[in-house]
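A.B. asks: What follows is a predicted structure for the sequence shown.
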Amino acid sequence: MTLRAACLAASLLPATITVPATAAEPPLPQLEAYTVHESWRQPIAPVRIADSTWHIGTANLGAILVKTPVGAVLIDGGMPQAADMLLRNMAALGVAPADLELILSSQAHADHVGPFAELKRRTGARIVANAESAVLMARGGSDDIHFGDTIVFPPVQADRLLMDHEVVELGGMRFTAHFMPGHTPGSTAWTWTDRVGGREVRIAYADSLSAPGYRLIDNPRYPRIVEDYRRSFDVVRTLPCDLLLTPHPGASGRDFANPAASKPMGCVEYADAAERAFEEQLEAERQDVHLPTGSRAL
């Protein structure tokens, strides 16, 4: 390199910037894992609900297995780490991995569809969901309307998209989807008929009706969230519902870890209690929104 070229190259280097010394800044925030209550992770033995219907999830996360003459259907699965437990419980009930034909969901949050990707890979089962849930499943829960990227799970692709009131059938068992958006845009209740003691029983598996920390007023990501919740309360009230199950069993008064302590609700009672809590939350938010600037409650 010539002297002239070297001088030109040196002139193009950025000037050294001196930052004045300041007090040390605090470290960046720690990453926070998605943690849940121990009862959501506590394995229990399968619990028989009806002749063909079993709870095979944890103490307080629903995973409902329905056995038919040509295979089984699973509704929800709990947390991502639940796959092995679910397969063990299926085996205890005589259901081999290849016998699982269909996987249905109530909502696409990590505590309900977390193990779907692994279960699909290990069983070959087909996942059935509505379009809203399918999109969130494919993203692995990222960019959630309310939680952003805090409750992600292994992404999974739905194999069949559902319409409201569409029926999914396997081995003579008919599962009807009832859309009940609110807790998630894709929230769904499932109903089917089984038998208990020789009598037909209409079972409803209704999604959560809570709004945990959600923004209900002027939510730019979900402008009609209040209207959806109110409509969904009515949907749940009118379900064919001799026996109610919910993704969080305790929400409908069930205790699968200690069945003697259960105080099961019906669909109307479940919807009424949820609506009261929702309206109280909405009113509290209205009061908060109208506080003077600088006095907003945290």
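C.D. replies: Arrived safely, thanks for sending.
A.B. asks: quick check: longest helix of the protein.
C.D. replies: helix 267-289 (DSSP state H).
A.B. asks: ok, residues contacting that helix?
C.D. replies: Here helix 267-289 makes contact (Cβ atoms under 8 Å, 6 or more residues apart in numbering) with 204, 206, 209-211, 215-217, 226, 229-230, 233-234, 236-237, 239, 241, 244, 246, 251-252, 265, 296-297. For glycine as for every other residue, the C-beta is placed from the backbone atoms N, C-alpha and C.
A.B. asks: pLDDT of it, averaged?
C.D. replies: Across helix 267-289, pLDDT averages out at 96.
A.B. asks: Just the buried positions in that helix, please.
C.D. replies: For helix 267-289, the neighbour count (16 or more other Cβ atoms under 10 Å) marks 267, 270-271, 274-275, 278, 281-282, 285 as buried.
A.B. asks: Let's have those in CSV, adding distance to residue 66.
C.D. replies: Conversion of those to CSV gives the following (distance: Cβ to Cβ, whole Å):
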residue, distance to residue 66
267, 19
270, 21
271, 23
274, 25
275, 29
278, 30
281, 34
282, 36
285, 39
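A.B. asks: From the residues you listed, pick the one nearest residue 124.
C.D. replies: residue 267 (33.6 Å; Cβ to Cβ).
A.B. asks: excluding its backbone neighbours, what's nearest that closest one?
C.D. replies: residue 241 (3.8 Å; Cβ to Cβ, 6 or more residues apart in numbering).
A.B. asks: What is the neighbour count of that neighbour?
C.D. replies: 23 (other Cβ atoms under 10 Å).
A.B. asks: Could you pull out the helices in this protein for me?
C.D. replies: 3-12, 38-41, 83-92, 110-113, 116-123, 131-138, 225-237, 267-289.
A.B. asks: Can you get me the centre-to-centre distance for the longest one and its chain?
C.D. replies: Taking Cα atoms, centre = their mean, to the nearest Å, one finds helix 267-289 lying 20 Å from the centre of the chain it belongs to.
A.B. asks: picking that back up, for residue 257, which of the helices of the chain is the nearest?
C.D. replies: From the helices of the chain, taking Cβ to Cβ, the stretch that ends up closest is helix 38-41, at 7.4 Å.
A.B. asks: Not counting its own residues, what contacts the closest one?
C.D. replies: 58-61, 78-79, 81, 111, 250, 257.
A.B. asks: residues near residue 88, how many?
C.D. replies: 12.
A.B. asks: can you pull the buried residues of stretch 41-55?
C.D. replies: Applying 16+ other Cβ under 10 Å to stretch 41-55 flags 41, 43-44, 46-47, 49-50, 52-55 as buried.
A.B. asks: Contacts only, for the most centrally placed residue in the chain.
C.D. replies: The chain has residue 109 as the residue nearest its centroid, 3.1 Å off, counting by Cα atoms, centre = their mean. Shown in contact with residue 109 (Cβ under 8 Å, 6+ apart): 141, 144, 151, 184.
A.B. asks: now the chain, which segments are flagged as low pLDDT?
C.D. replies: Scanning the chain with the threshold set as pLDDT under 70 gives 1-23, 290-298.
A.B. asks: Could you pull out the strands in it for me?
C.D. replies: For the chain, the strands defined by DSSP state E occupy 47-48, 53-55, 64-68, 71-75, 100-104, 126-130, 160-162, 167-170, 173-179, 188-196, 199-205, 243-245.
A.B. asks: Can you pull out the residues in contact with the shortest one?
C.D. replies: Outside of strand 47-48, the residues that reach it under the criterion Cβ under 8 Å, 6+ apart are 54-55, 256, 259.
A.B. asks: Just name the closest of the residues you listed to residue 168, please.
C.D. replies: residue 54 (18.2 Å).
A.B. asks: ok, what's across the strand from that closest one?
C.D. replies: Here residue 54 sits in beta bridges with residue 48, residue 65, going by DSSP bridges.
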